[in-house]
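1. my questions are about this predicted structure, shown below with the sequence.
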Amino acid sequence: MPPRTARFAAVRRWATAVTSAAALAACATYAYRPAPLASFHAGDAPAPTADARAELGRALFFDVRLSGANDTACASCHQPARGFEDGRAVAVGTGGRVGAMATPTLIGVGEARRLMWDGRVKSLEAQALMPVANPLEMDQDPAALSAELAADPATRAAFARAFPSDPAVTPANIARALAAYQRTIRPEPTRFDRFAAGDVAALTASEQRGFALFNGKAACAQCHSGPLMTDNRLHDIGLADRGQGTRFKTPTLRHLAARAPYMHDGSLPTLAAVVAHYADHSVQRRGVPARTPLTAPERRDLVAFLDTLSPDAVQTAAR
Ligand code: HEC
Ligand code: HEC
């Protein structure tokens, strides 16, 4: 942990950066929206996209055939309507088998430099078949899956479109397609983005005070920095459960309103509980940031600001 002065210098850099031209340009990239998500249900026509590989990946992401018992898709746990999470404290896979950790969001995952809560995986291609083979998640042998999919003429045709020079239905091509789709899962624009783009009135006075706390006194931006609000690093934030390791990846704060409960162990049910954790309850072991005491009105302002990182429709539904 760097000395306190160095940490606050990092916070100030982000606070300044948000009004800089580079940060505004980065915010503009949120205007890219993935094509509307194809529905889960068989028989619905898939939405057209320019990219046949991502289109195949999207179909596979929603396809229960990826699990051995044909009862679980990637989207069973990574549900678009829940910010690509599942609303549970720990994931539940095929046949109701209970996993060890909370399902993380996939929003902005194409930009992640490390994957999984402990950061052990380096690419989406390397990750994609892990849940397929995991007995608690989808419990399917990837080679058997390839044979099952190759027996279906429509699926074979989709692989031919996605991989014109190498159309075989193989585990490697399944992983490539799933990775291509996941790179299209981008955050939707929010009121915070309008504010960052210069429209000061897009945030209320309370939300603006919350943003100032986030950058300043509460020091959240020390780790939750940049347009996705993650430094892509591993930290121990002093949760009581040390889980499978002490340090976990800083998650994005995009679409928070749809993603409760929070943290790798799903231990915090609301954003107010998250703020109370940092202010009052973090276990002060080596490497954990110091608690940041906040008054009741400051807590309300900080939560109000965190809500502006979700699209308006999600905020309204969650309130
Ligand atoms: C049973 C629920 C479940 C299913 C099904 C599932 N996942 Fe996950 N996913 C998780 C959990 C839990 C983690 C975190 C695991 C860890 O950190 O050890 C995770 C992590 C990930 C990550 C890393 C995200 C990050 O930011 O670190 C990616 C990418 C991912 N899953 C993609 C997929 C794909 C693709 C599929 C389908 C082939 C899939 N998942 C199926 C629960 C699930
Ligand atoms: C030292 C780095 C660090 C600081 C400072 C920090 N966070 Fe975090 N934050 C993390 C990490 C790491 C996690 C994931 C921890 C885990 O699940 O074990 C996290 C998780 C979260 C989550 C849950 C996200 C999810 O997907 O479940 C929220 C919300 C959050 N932080 C908000 C804040 C706020 C608000 C502040 C300031 C009061 C703050 N953070 C300060 C590193 C930090």
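-> That came in fine, so what should we check first? If you're wondering where the values come from, they're calculated on a predicted model, not measured in any experiment. Ligands and ions are numbered 1, 2, ... in the order given.

2. endpoints of stretch 53-70, how far apart?
-> 23 Å (C-alpha to C-alpha, to the nearest Å).

3. which parts of the stretch 101-250 of the chain sit against ligand 2?
-> T105, A218, A219, C220, Q222, C223, H224, H235, I237, L239, F248, T250 (C-beta under 6 Å from any ligand atom). For the C-beta atoms, the positions are set from N, CA and C on the backbone; glycine is no exception.

4. tell me which two in these are the farthest apart.
-> T105 and A219 (22.8 Å; C-beta to C-beta).

5. which residues does the spatially closest residue to R247 that is not a sequence neighbour contact?
-> Nearest non-adjacent residue to R247, counting by C-beta to C-beta, 6 or more residues apart in numbering: L234, 3.9 Å away. By C-beta atoms under 8 Å, 6 or more residues apart in numbering, the residues touching L234 are R114, D118, G119, R247, F248, K249, T250.

6. do that again at 6 Å, thanks
-> G119, R247, K249 (C-beta atoms under 6 Å, 6 or more residues apart in numbering).

7. measure the first one to ligand 1 for me?
-> What that stands for is G119. 8 Å (C-beta to the nearest ligand atom, to the nearest Å).

8. next one: the second one
-> As for R247, its distance to ligand 1 is 12 Å (criterion: C-beta to the nearest ligand atom).

9. pretty sure that residue sits against D236.
-> Yes: the pair R247 and D236 passes the contact test of C-beta atoms under 6 Å, sitting 5.0 Å apart.

10. and this structure, what are its domains?
-> As assigned by automatic domain parsing, the chain contains the domains 4-32+188-318, 52-182.

11. if you average pLDDT over each of those domains, which is lowest?
-> Among the domains of the chain, domain 4-32+188-318 has the lowest mean pLDDT, at a mean of 81.

12. for that domain, what is the distance to the chain centroid?
-> What separates the centre of domain 4-32+188-318 from the centre of its chain is 14 Å, taken as C-alpha atoms, centre = their mean, to the nearest Å.
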